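Trainee: from the sequence below, what's the structure:
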Amino acid sequence: MKTFAGTLLLVAVLLTGCASIDSRIRRNQVAFDLWPDHVQEAIRQGEVLLGFTSAQVRVALGEPPRVYARTSVEGEAEVWAYDQRGWQFSIGVGISTGGYNSVGARATTDRRHERSEDAVRIVFEDGKVTSVEVNKRGW
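Mentor: Sure, this is the predicted structure:
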């Protein structure tokens, strides 16, 4: 049982590290090093600036949970939406009988926050960020 708990703890640490800004920077280090200092600093702070590319937004905020296509009189745009609280991490272990007197355990990780409200929307036109919309009620 100690081995199982230790394995779960290791998985928790690894999954949490995968979502951090530092780990995203490390995975994109070559490109990150070529970006101007003010871009690097904004990314380190988890901020998005007007003019950012999709690659820069991915390093700053991670993959968007939702992507919308916007069509207006101004033209086409892509909108990336990020959740109110982003990723939550939890581990749950439950024991149940699966029939024939068997016992099973289940662990869950990387659950999304249940609210579907967008906290931030990043609008791209021609591959560059043209606006950042922040939900003032819940952010």
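
Trainee: any low-confidence regions in this structure?
Mentor: Low-confidence segments of the chain (pLDDT under 70): 1-19, 84-116, 138-139.

Trainee: run the last query once more with 80
Mentor: Across the chain, the ranges flagged by pLDDT under 80 are 1-19, 84-117, 138-139.

Trainee: where do the helices of it begin and end?
Mentor: With helices called from DSSP state H, the chain shows them at 2-18, 21-27, 29-34, 37-44, 54-61.

Trainee: count of residues packed around residue 69?
Mentor: Using other CB atoms under 10 Å, the number of residues around residue 69 comes to 8. The C-beta positions use only the backbone N, C-alpha and C, and glycine is treated the same way.

Trainee: tell me how far it lies from residue 119.
Mentor: 20 Å (CB to CB, to the nearest Å).

Trainee: was I right to think residue 48 contacts residue 132?
Mentor: Yes - if you go by CB atoms under 8 Å, residue 48 and residue 132 touch, sitting 5.6 Å apart.

Trainee: okay, those two: which has more neighbours?
Mentor: The neighbour count for residue 48 versus residue 132, taken as other CB under 10 Å, is higher for residue 48 (19 against 15).

Trainee: now do the shared contacts for residue 48 and residue 132.
Mentor: Counting by CB atoms under 8 Å, 6 or more residues apart in numbering, the shared contacts of residue 48 and residue 132 are 120, 122.

Trainee: does residue 66 touch residue 81 like I think?
Mentor: Yes - Residue 66 is within contact range of residue 81, at 4.2 Å (criterion: CB under 8 Å).

Trainee: more crowded one of these two?
Mentor: The residue with more neighbours, out of residue 66 and residue 81, is residue 81; 18 against 12, by other CB under 10 Å.

Trainee: list the contacts for that one?
Mentor: 64-68, 118, 120-122.

Trainee: report the contact partners of the nearest residue to residue 28 once chain neighbours are set aside.
Mentor: Using CB to CB, 6 or more residues apart in numbering and skipping residues adjacent in sequence, the residue nearest residue 28 is residue 59, 5.2 Å away. Counting by CB under 8 Å, 6+ apart, residue 59 touches 21, 24-25, 28, 31-32, 43.
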